[in-house]
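A.B. asks: here is the input, now give the coordinates:
(chains A and B)
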Amino acid sequence: MLELIVISTLNGVLFGMLLFLLSSGLTVIFSMMGVLNFAHASFYMLGAFFGYQLTKWIGFWPALVLAPLLVGAVGMAVERYGLRNTHKHGHVAELLLTFGLAFAIEEIVSMIWGKSPVDYRVPAALDFPAFTIFSTNYPAYKIFMLAISVLIFIALLIVLKRTRVGLIVEAALTHPHMVGHLGHNVGQVFMLVFGVGSALAGLAGVIAGPALVTQSDMAALLGPILFVVIVFGGLGSLPGAFIASLFIGLVQTFAVALNGSLASTFGPLDPSIGPSVLSDIWNVTIAQIAPVLPYVLLVVILIVRPMGLLGTRET
Amino acid sequence: MLKLTRVIAVALPMLSGAAYAQETVKIGYIDPLSGGGASVGEGGLKTFQYLADELNAKGGILGHKVEIIPLDNKTNPQESLIQAQKAIDAGAHYITQGNGSSVGAALEDFVTKHNTRNPGKEVLYFNYAAVDPSMTNEKCSFWHFRWDANSDIKMEALTNYMKGNAAIKKVYLINQDYSFGQSVRTQARKMLGEKRPDVQIVGDELHPLLKITDFSPYIAKIKASGADSVVTGNWGQDFALLLKAAADAGLKVNWYTYYAGGAGGPTAIKQTGLDHQVFQISEGIPNSDNPAAMEFEKAFRAKVGLSLWYPRAVNEMRMFKAAAEKANSIDPVKVAAALEDLKFDVLDGGSGVMRKDDHQFFQPIYISSFGARSEKEPFDEENTGWGWRMVAKIDTPQTMLPTTCKMTRP
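C.D. replies: Numbering: from 1, shown residues only, chains lettered A, B, ... in the order given. So this is what the prediction gives:
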């Protein structure tokens, strides 16, 4: 049992940190521009595919640096030539733009790399068990993923809380006009933040690609859960996104590990009731409903605390 | 005037008759070409296109060219019905599908309804891989033919093999949460309980179909349960990723599977380092001892670049031709009648038969294990160096399970 708890905690924290890499960008972009970027998970997918392609050409380590930069450049271009132009038509137009973009990116990716998973492998230097815990190996690559995510989290915190850049970004979040009047180029700040957010998503893609599957539906698989994370943590709140990511990661992992059902808690149903909808609900295990849990949490948090865990305004 | 009418009355049927001989036999291939099932769907498509080319090179079916129409159903039953309608609108009288019994059941129902409502425009559904037993039992249809052994037959054979292995003490079941996965789990529990009451089922897991990207939490659970063997019906990426996670965690158990050989599967097995500890049940393997099958495998690999994963598709297409020739027609109703009780020598050797009672094809099936090859096993998989080795053969008569089908015939 202890083994299961330790391994599940590791797995949960890892998945949570991956979610954080993605949700940090998304939540900052949202609070700045007031737009939910539907294409954010697509940048994650782009990162994975760029990472795969560059790994083939120049190796994993250069790809680890170059692919996120490329994705960041794509993100900046989207902001500069797409979002900025649609901004004057209101949020709906911007929302639709990112919505369409998500589909376009998915189609383009499947046109170039096909629809089946590509063979994106863990680099040989990291392909060994890092340590063995209760006879279970823990892969070095996963530790590497964890390390990268933690580093990025610390770097983000320092930049946002301790530097002038962070000061301007935070100011632009709430008082863009005032910041503009003070002589800062708010448009450029927006573009930069959008680029950095996309690059972080791209980085998540590069490191998650070999561990998970790199294929053209990976954005669609992860996208919905990101929205859960940022709403749960509170829109625009970085610490909120951090806590929510870890929480959702752990909830999902632990839910899978649990076998409890109503039947095992309260005993089997009276056989006279027979097979019915009720007996289906009675016998379903927590593990089976694990994938739905985040969405249930989303509904609950919106009812109980609409601004999210650490959010400051109503969503 | 009367004369002219007579001329037209004679000429018109002749015209349409001539047009019929030119008609191509269109087969709608309805399977996932995107999403989580894409890797298997694309492999299937290439197989069917290869088989169509093979038939066309020998004059097609009764002189008609065979054409495969690829249609992407995203492993979604509703989407499949739209695609089936598209196939019919494009002039296909035959559809073939395999991946996902949820899809298969929907298509079976659709084809049956379509044929009742449109007499004279019947469509046949050739099923090459959807193995939910209900499709040839309580839900059976005259318009559906299945070339893959159904899940119960496979589980019967698999548990017969497991019965003899005294080392099996604790079994873990992990399956996809839909009709097929549930039937694997129920049958495994039932049959293992009958044949090996001493074996303990230490886990019984159902997970979402083709949605999981990281199986590590599940593997941690299997590990914690102390299982020595795992039984799974997982296919496509659900198998490959399951084994990938097992390799990462260093899980050492025996795997009894339905579809270990699917795309990505062999690579993942090699990563686990489990040499001849992963078993699969199928109607044929590349390293069979049948020269004709090996010859086919060689030609197929050379042209398609994949190993033949669907020997049953070969049987399906060749039997389709045989039935059409027997009926001397490509009319679906006549072909269906000709297929009933048709005996056929299958690709991997031995004789099979399409049972009239339920339209289930019965054929010899094999249990094989994956690992290092001997000299007599020329084919490896996915460049791993490892290949399949036959460990048991179950002949046609032993696979014949009874059916509850009460078929309504046109």
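A.B. asks: now residue 129. Its backbone dihedrals?
C.D. replies: Using chain A here. Main-chain dihedrals, residue A:129, degrees, to the nearest 10: phi -70, psi 130.
A.B. asks: quickly find the element holding the nearest residue to it once chain neighbours are set aside.
C.D. replies: Distances taken as Cβ to Cβ, 6 or more residues apart in numbering or on different chains place residue A:137 nearest to residue A:129, at 3.6 Å, with adjacent residues excluded. Every C-beta, even on glycine, is put in place using the N, C-alpha and C of the backbone. Assessed by DSSP states H and E, residue A:137 sits inside strand A:136-139.
A.B. asks: in contact with the residue nearest to residue A:129, which residues?
C.D. replies: A:129-131, B:248-250 (Cβ atoms under 8 Å, 6 or more residues apart in numbering or on different chains).
A.B. asks: can you tell me the SS state at the residue positioned nearest the centre of chain B?
C.D. replies: Taking Cα atoms, centre = their mean, the centroid of chain B lies closest to residue B:129, which sits 2.1 Å from it. Following DSSP: H, G, I helix; E, B strand; the rest coil, we place residue B:129 in the coil state.
A.B. asks: unless I'm mixing things up, it is touching residue B:312, no?
C.D. replies: Yes. Using Cβ atoms under 8 Å, residue B:129 makes contact with residue B:312 at a distance of 7.2 Å.
A.B. asks: and for these two, which residues touch both?
C.D. replies: In contact with both residue B:129 and residue B:312: residue B:148, using Cβ under 8 Å, 6+ apart.
A.B. asks: the residue of the stretch 51-200 of chain B found nearest chain A and residue A:136, how far apart?
C.D. replies: Relative to chain A, the nearest point of the stretch 51-200 of chain B is residue B:177 (6.5 Å; Cβ to the nearest Cβ). Separation of residue B:177 from residue A:136 (Cβ to Cβ, to the nearest Å) stands at 25 Å.
A.B. asks: could you check which of the two is surrounded by more residues?
C.D. replies: Taking neighbours as other Cβ atoms under 10 Å in any protein chain shown, residue B:177 and residue A:136 compare with residue A:136 leading, 22 against 17.
A.B. asks: how close does the more buried one get to chain B?
C.D. replies: Computed as Cβ to the nearest Cβ, to the nearest Å, the residue A:136 to chain B distance reads 5 Å.
A.B. asks: partner residues bridging that residue?
C.D. replies: Judged by DSSP bridges, the bridge partners of residue A:136 are residue A:133.
A.B. asks: report the contact partners of it.
C.D. replies: Contact analysis of residue A:136 by Cβ under 8 Å, 6+ apart lists A:3, A:7, B:220, B:223, B:249-251.
A.B. asks: so which of those are in helices?
C.D. replies: The members of the contacts of residue A:136 that map onto helices under DSSP state H are A:3, A:7, B:220, B:223, B:249.
A.B. asks: got the residues of the stretch 1-150 of chain B near chain A?
C.D. replies: The interface of the stretch 1-150 of chain B toward chain A, taken as Cβ under 8 Å from any Cβ of the partner chain, is made up of B:33-36, B:38-39, B:42.
A.B. asks: state the next helix or strand along the chain beyond the strand holding residue A:137.
C.D. replies: helix A:140-162.
A.B. asks: pull that following helix out as PDB, backbone CA atoms only.
C.D. replies: C-alpha atoms of helix A:140-162 as PDB (Å, rounded to 0.1, in the frame of the first residue of the first chain):
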ATOM      1  CA  ALA A 140      15.200   9.100 -15.100                       C
ATOM      2  CA  TYR A 141      13.400  10.900 -17.800                       C
ATOM      3  CA  LYS A 142      10.400  11.500 -15.500                       C
ATOM      4  CA  ILE A 143      12.700  13.000 -12.900                       C
ATOM      5  CA  PHE A 144      14.100  15.200 -15.700                       C
ATOM      6  CA  MET A 145      10.600  16.300 -16.600                       C
ATOM      7  CA  LEU A 146      10.000  17.100 -13.000                       C
ATOM      8  CA  ALA A 147      13.200  19.100 -12.600                       C
ATOM      9  CA  ILE A 148      12.500  21.200 -15.700                       C
ATOM     10  CA  SER A 149       9.000  22.000 -14.500                       C
ATOM     11  CA  VAL A 150      10.200  23.000 -11.100                       C
ATOM     12  CA  LEU A 151      13.000  25.200 -12.600                       C
ATOM     13  CA  ILE A 152      10.500  26.900 -14.900                       C
ATOM     14  CA  PHE A 153       8.200  27.500 -11.900                       C
ATOM     15  CA  ILE A 154      10.900  29.100  -9.900                       C
ATOM     16  CA  ALA A 155      12.100  31.200 -12.800                       C
ATOM     17  CA  LEU A 156       8.600  32.500 -13.500                       C
ATOM     18  CA  LEU A 157       8.100  33.400  -9.900                       C
ATOM     19  CA  ILE A 158      11.400  35.300  -9.800                       C
ATOM     20  CA  VAL A 159      10.700  37.200 -13.000                       C
ATOM     21  CA  LEU A 160       7.100  38.100 -12.100                       C
ATOM     22  CA  LYS A 161       7.800  39.000  -8.400                       C
ATOM     23  CA  ARG A 162      11.300  40.300  -8.400                       C
END
